[in-house]
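Undergrad: Give me a 3D structure for the following:
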Amino acid sequence: MEHFTPVSALIGGALIGLSATLLWLANGRIAGISGILGSLSSPSGEAGWRLAFLVGLIAAPLLYTLFTGHAPQISMPQSPPLLIGAGLLVGFGTRLGSGCTSGHGVCGLARLSPRAIAATLTFMATAFATVYLTHHML
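TA: This is a model prediction of the structure:
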């Protein structure tokens, strides 16, 4: 953890919690990205807030760069095929688990949802096993 910055991590976590709380209080909706994106094209009449939420996710790092003059440093040393495969597995797991880490891990745990607790434990166990296998066994 050579680049761990606890202050920025704390601020980032607080902002995620604040945005999830505001969405729940204002719209009665859970801030699960897969559900927001997956239901964007549904004829429910909720496309406006869903699109605004997703645009905000993309605009936030751009605004950060604009105001601070420092672009966030992103490093992905893995190969593109590995990243594509990982993305497909995450997408499959999101459908299988009826939600993503943001919906279950942030919002579901805050509501003490048994389904979210089981899903988050599964996410974490799979992540631990994957890191162990890829960093220590292969």
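Undergrad: Nearest residue to the middle of this protein?
TA: Ser102 (4.5 Å; Cα atoms, centre = their mean).
Undergrad: Which pLDDT does the model give the residue nearest to it when sequence neighbours are not counted?
TA: Distances taken as Cβ to Cβ, 6 or more residues apart in numbering place Ile33 nearest to Ser102, at 5.0 Å, with adjacent residues excluded. Placement of C-beta: from N, CA and C, glycine included. Looking at Ile33, its pLDDT is 87.
Undergrad: didn't Ile33 look like it was pressed against Cys100?
TA: Yes - counting by Cβ atoms under 8 Å, Cys100 is a contact partner of Ile33 at 5.5 Å.
Undergrad: So for those two, which residue has more residues nearby?
TA: Between Ile33 and Cys100, Cys100 has the larger neighbour count (other Cβ atoms under 10 Å), namely 23 against 17.
Undergrad: Spatially nearest residue to that one (excluding sequence neighbours)?
TA: Excluding the flanking residues, the one nearest Cys100 by Cβ to Cβ, 6+ apart is Ser34, at 4.0 Å.
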